[in-house]
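>>> 3D, please:
(one chain, ligands or ions: 1)
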Amino acid sequence: MVDYDEVGPEKIVDVYHPKTGMRGFVVIDSNALGPAKGGIRMTPTVSVDEVARLARAMTWKNALADLPFGGGKSGIIGNDKQMSVDEKKDFVRAFGDAMKVVCPDLYVAAPDMNMAEEEMEIFSNAVGSKKACTGKPKEIGGIPHELGSTGFGVFHALKVACEHKNFELKDVSVAIEGFGNVGWFVAKYLSEVGAKIVAVSDSRGVICNKEGLNFEKLAETKKEKGTVTEYGDGEVLPSHEILKVEADIFVTAAIPDLIKENDVDNMKFKIIVEGSNIPMTSHVEELLYNRGVLVVPDFVANAGGVISSYVEYIGGSVDEMWKMVEEKVVKNTEHVLKTAEDKKCSPRECALEIAKKRVLDKCKICRV
Ligand code: NAD
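Here you go, the predicted structure:
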């Protein structure tokens, strides 16, 4: 069941293409601040409800990042592991053609699960506009995901959190969950400023060394052996044990719902930066807040990706992208942490309030 409230969803378009059997939908949660921005996912189980929840999360993320985008998301029902390459292309093409009714004026797409650059090129061609989506190949104006804009933003959010707590980056110890697109870049930037990385995990486990891990060696090990646990010099633990590591700061950069209520008492981190989406429920976040842990929420810390999409959308360069990611993430994180401290509320509560206000204020002005 989709929940409707004072924000949205404003439009849900459900499409079916009889010739290919493609069924898909887009949920435009809000256009208050601009065209609804959010990715397309293709999974066998994707539903309007799931997409509506993700679209709402995009409304808050885009509003908090202060981008002229509303929130949206779309889904195509399909299992690309059981489709031929051409069948998948046909689905994406049919979906793009059907999306012309809202795209690009009211909805701008991006890659999400099982969608990549190639699919974005097909989608934008089917819609007939380069503005139809971001995440396109470089040759047609895209800004590559591999540049690591999200990890770069997460690093800057962490830097602001350290300043807020009067920690010197060169003196802090950090544990990082996940060593993919986000975790890898966070580790890279932290190593460049001399922070001590004491633990890094991936799906195979944690490599932990109190004396510090070398970023270049970690990257080489991951590339050559497929897992950081083959690093050699340190203790290897099961993945979940990263929560018990002694470190000042913890960066989440892998799975949702990593931290559960019963983990809270075992954790000693002073700062947690949510690079991944929903690494814990807001209830668990509240428990950590009550224990004095500073948690930088996901939609504040990991907005680098969507900011990079915005730069692509307006036809900006890679240099402009780095500049805007840093400026916006720093400004928003500072604003959220300072306001939360002044109001004596958790950073999430405060960030949501700021995002909601931006959207609802605009709704009041624009709507009759
Ligand atoms: P990725 O697929 O590149 O990397 C994921 C990493 O997590 C891999 O190293 C994998 O081995 C590891 N992993 C998987 N299961 C694990 C486990 N149980 N314990 C520890 N590590 C585990 O993904 P990514 O792009 O780095 O995204 C990571 C998270 O950040 C996701 O939650 C994603 O939604 C979120 N996120 C990513 C972006 C982005 O631009 N990449 C933007 C916003 C949010």
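
>>> For the ligand, what's the nearest residue on the protein?
Closest residue of the chain to the ligand, Cβ to the nearest ligand atom: residue 180 (1.7 Å). In short, each C-beta sits where N, CA and C put it, glycine included.

>>> Now do the contacts for that residue.
202, 253, 254 (Cβ atoms under 8 Å, 6 or more residues apart in numbering).

>>> again, only using 7 Å
Going by Cβ atoms under 7 Å, 6 or more residues apart in numbering, residue 180 touches residue 253.

>>> confidence score at it?
The model reports residue 180 with a pLDDT of 92.

>>> Can you give me the distance of it to residue 146?
11 Å (Cβ to Cβ, to the nearest Å).

>>> how deep is residue 15 tucked in, by neighbour count?
17 (other Cβ atoms under 10 Å).

>>> whoops, I mixed them up, residue 68
With other Cβ under 10 Å as criterion, residue 68 counts 12.

>>> The one 4 residues further on now?
Look at residue 72: counted by other Cβ under 10 Å, it has 36 neighbours.

>>> how close does the residue nearest the centre of the chain sit to residue 155?
The centroid of the chain falls nearest to residue 302 when counting by Cα atoms, centre = their mean (4.8 Å). To residue 155, residue 302 is 11 Å away according to Cβ to Cβ.

>>> What of residue 46?
Between residue 46 and residue 155 the distance, using Cβ to Cβ, works out to 32 Å.

>>> go on, residue 48?
Going from residue 48 to residue 155 by Cβ to Cβ gives 36 Å.

>>> Looking only at neighbour counts, state which of the two leads.
residue 155 (29 against 17).

>>> And for the more buried one, nearest residue in space, chain neighbours not counted?
residue 189 (3.9 Å; Cβ to Cβ, 6 or more residues apart in numbering).

>>> so how many other residues sit close to the one you found?
Residue 189 sits with 19 neighbouring residues when counted by other Cβ under 10 Å.

>>> Go ahead and confirm it touches residue 154.
No. The criterion here is Cβ atoms under 7 Å, and residue 189 misses it with residue 154 at 8.7 Å.

>>> Can you report phi and psi for the residue nearest to residue 155?
The phi/psi pair for residue 189 (degrees, to the nearest 10) reads phi -70, psi -40.

>>> Any residue of stretch 277-295 touching the ligand?
Yes. Stretch 277-295 is in contact with the ligand by Cβ under 6 Å from any ligand atom, via residue 277.

>>> Could you list the buried residues of that stretch?
Of the residues in stretch 277-295, 278, 279, 280, 284, 285, 287, 288, 289, 293, 294, 295 count as buried by neighbour count, 16 or more other Cβ atoms under 10 Å.

>>> Ok, stretch 62-78 next?
62-67, 69-78.

>>> Can you give me the end-to-end span of it?
This stretch, stretch 62-78, spans 28 Å end to end (Cα to Cα, to the nearest Å).

>>> pLDDT averaged over it - what is it?
96.

>>> Check whether that stretch comes near the ligand.
No. Judged by Cβ under 6 Å from any ligand atom, stretch 62-78 stays clear of the ligand, getting no closer than 11.5 Å.

>>> returning to that earlier point: strands - which of the buried residues of stretch 277-295 land there?
294, 295 (DSSP state E).

>>> With pLDDT added, can I get the buried residues of stretch 277-295 in JSON lines?
Output for the buried residues of stretch 277-295, formatted as JSON lines (pLDDT from 0 to 100):
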{"residue": "278", "pLDDT": "87"}
{"residue": "279", "pLDDT": "92"}
{"residue": "280", "pLDDT": "93"}
{"residue": "284", "pLDDT": "95"}
{"residue": "285", "pLDDT": "95"}
{"residue": "287", "pLDDT": "96"}
{"residue": "288", "pLDDT": "97"}
{"residue": "289", "pLDDT": "95"}
{"residue": "293", "pLDDT": "97"}
{"residue": "294", "pLDDT": "98"}
{"residue": "295", "pLDDT": "98"}
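
>>> For the buried residues of stretch 277-295, work out which two are farthest apart.
Checked with Cβ to Cβ, the buried residues of stretch 277-295 reach their widest spread between 278 and 294, with 18.2 Å between them.
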